[in-house]
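Asker: Compute the structure for the input listed below.
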Amino acid sequence: MNMISYYQKRKKSGYRAQAIVEFAISLPVLLLLLFGIMEAGRMALIYTMVTNASRDASRYASAVGRGDDGLFKYNHCAGIKQAAIDSTYNFIAISPASISISYKDENGNSAGVCDATSGEDPDITVKSKYRVTVQVTANYTRLVTLIPIPSRTITSTSTRTILGIYELPNP
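Answerer: Numbers count the residues shown, from 1 in each chain. Model prediction:
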C-alpha cells in the first residue's frame, strides 16, 4: 500500500517540473566545465605543435647534405621555415615571419641570423660544430568567450649542433 501511494505522488506534475529546474540549473555548469576542458586541450595541442615545429626545423637545419632542391639544408632559410610549417599539419597558423633562425659558433658567439626569403643565405658561413637555434611563435586565442582563459603567445626554442658539413662530389 505504501508503494502505491509513493508512485501516485511521483506521477504528479510537480515532480517533473522539479527535474526540469534541476537540469536547467546544472546544465550551464556542465557546459562550462566541458568547454573549459576542450579549450585547455586545444591550448595543450597548440603548445605541443609549436614545440614539435621548432624541433623539426632545428633537426632539418642540423642535417648534413643538400635538400631536394639542391641547397644545403643548414643554410636554406626558406626550407628550415617550411619544415616548421609542415610539421603543424595546418592545425595552427604559423607564418614564416614567426620563425627565427640563428647560429652560434663553438664558443657561443653569434654567427649570424638566417633571414633570406628564398634560397641559401649568402651572408652566413656555417661550419661543423656550430649550433643552430630555431624559435617558433604562435598565438592562442580562445574560441568560446565564456571561458576565462586569456590569449597567450606560445614560444618554443630548439637548438641542435651541426655535426658535419661535407661537400660530396656529384657522380
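Asker: my read: residue 39 touches residue 147, true?
Answerer: Yes. With contacts counted by CB atoms under 8 Å, residue 39 reaches residue 147, the gap being 5.0 Å. Glycine gets a C-beta too; all of them are placed from N, C-alpha and C.
Asker: More neighbours: those two, which one.
Answerer: Using other CB atoms under 10 Å, the more surrounded residue of residue 39 and residue 147 is residue 39, with 18 against 15.
Asker: ok, that one - contacts?
Answerer: Going by CB atoms under 8 Å, 6 or more residues apart in numbering, residue 39 touches 142-144, 147, 149.
Asker: hey, where'd the helices end up in the protein?
Answerer: For the chain, the helices defined by DSSP state H occupy 2-10, 13-61, 77-86.
Asker: give me every residue that touches residue 124.
Answerer: Applying CB under 8 Å, 6+ apart, we find residue 124 in contact with 75, 103, 111-114.
Asker: what is residue 138 paired to in the beta sheet?
Answerer: Here residue 138 sits in beta bridges with residue 154, going by DSSP bridges.
Asker: And for it, the neighbour number?
Answerer: A count of nearby residues for residue 138, using other CB under 10 Å, gives 21.
Asker: Likewise for residue 112?
Answerer: Other residues near residue 112 number 17, with proximity taken as other CB under 10 Å.
Asker: Any idea what it is bridged to?
Answerer: Taking DSSP bridges as the rule, residue 112 bridges to residue 103.
Asker: doesn't residue 102 make contact with it?
Answerer: Yes. Here residue 112 reaches residue 102: they are 7.1 Å apart, a contact under CB under 8 Å.
Asker: picking up where we left off before, where's the dip in pLDDT among the contacts of residue 39?
Answerer: Least confident by pLDDT among those: that is residue 147, with 81.
Asker: Next one: it from residue 24, what distance?
Answerer: Separation of residue 147 from residue 24 (CB to CB, to the nearest Å): 21 Å.
Asker: picking that back up, pull out the buried members of the contacts of residue 124.
Answerer: 75, 103, 111-112, 114 (16 or more other CB atoms under 10 Å).
Asker: Was I right to think residue 47 contacts residue 154?
Answerer: Yes. Counting by CB under 8 Å, residue 47 touches residue 154, with 5.3 Å between them.
Asker: Overlap in contacts, those two.
Answerer: Shared contacts of residue 47 and residue 154, defined by CB under 8 Å, 6+ apart, comprise residue 140.
Asker: Pull out the buried positions in stretch 94-102.
Answerer: For stretch 94-102, by 16+ other CB under 10 Å, it's 94, 98-102.
Asker: Fine by me, thanks again.
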